[in-house]
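A.B. asks: dropping the sequence and predicted coords here.
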Amino acid sequence: MDPECIFVLDHYNDYISGELHPDKIERVEKHLKLCPNCENFLSKAFQIHGRTIDLLKRVPAPKTLKKSISDLFDSA
């Protein structure tokens, strides 16, 4: 497998979530222009990410979960 494909696979989650460093974003986007397989993979990953976010917005978190998360931050 091409080293740039491996780079994309290693960093796609941060790329999709907008947490990837700008230098690495440039590297991913440069590779996507040359590699239809990685472009297709990231396209599908973006779709799954978007659907997951939509689902999470529609399904409320249980109050016990919210309290557990709050407790974690309160104890830190």
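C.D. replies: The structure has been received and is ready for your questions.
A.B. asks: isn't residue 12 up against residue 39?
C.D. replies: No - using CB atoms under 8 Å, residue 12 is not in contact with residue 39; the gap is 11.4 Å. For every residue, glycine as well, the C-beta is placed using N, CA and C.
A.B. asks: tell me who's in contact with residue 24.
C.D. replies: By CB atoms under 8 Å, 6 or more residues apart in numbering, the contact list for residue 24 reads 11, 14-15.
A.B. asks: narrow the residues you listed to those that are buried.
C.D. replies: Buried by 16 or more other CB atoms under 10 Å: 11, 15, out of those.
A.B. asks: of the contacts of residue 24, which belong to strands?
C.D. replies: Members of those lying in strands (criterion: DSSP state E): none.
A.B. asks: backbone dihedrals for residue 19, please?
C.D. replies: phi -110, psi 10 (degrees, to the nearest 10).
A.B. asks: check residue 6 too.
C.D. replies: Backbone torsions of residue 6, given as degrees, to the nearest 10, read phi -60, psi -40.
A.B. asks: need the per-residue pLDDT for it.
C.D. replies: Reading off the confidence values, residue 6 has pLDDT 97.
A.B. asks: that one and residue 39, how far apart?
C.D. replies: Distance from residue 6 to residue 39, counting by CB to CB, to the nearest Å: 15 Å.
A.B. asks: the more surrounded of the two?
C.D. replies: residue 39 (15 against 11; other CB atoms under 10 Å).
A.B. asks: any idea which helix or strand carries the more buried one?
C.D. replies: Residue 39 belongs to helix 36-58 when assigned by DSSP states H and E.
A.B. asks: for that helix, buried residues please.
C.D. replies: Buried-residue list, helix 36-58, by 16+ other CB under 10 Å: 38, 41-42, 45.
A.B. asks: stretch 7-27 too?
C.D. replies: 8, 11-12, 15, 20, 27.
A.B. asks: list the ones among these that fall in helices.
C.D. replies: When the buried residues of stretch 7-27 are checked against helices (DSSP state H), the matches are 8, 11-12, 15, 27.
A.B. asks: which two among these are spaced furthest apart?
C.D. replies: The distance between the two most remote of those (CB to CB) is 12.2 Å, for 12 and 27.
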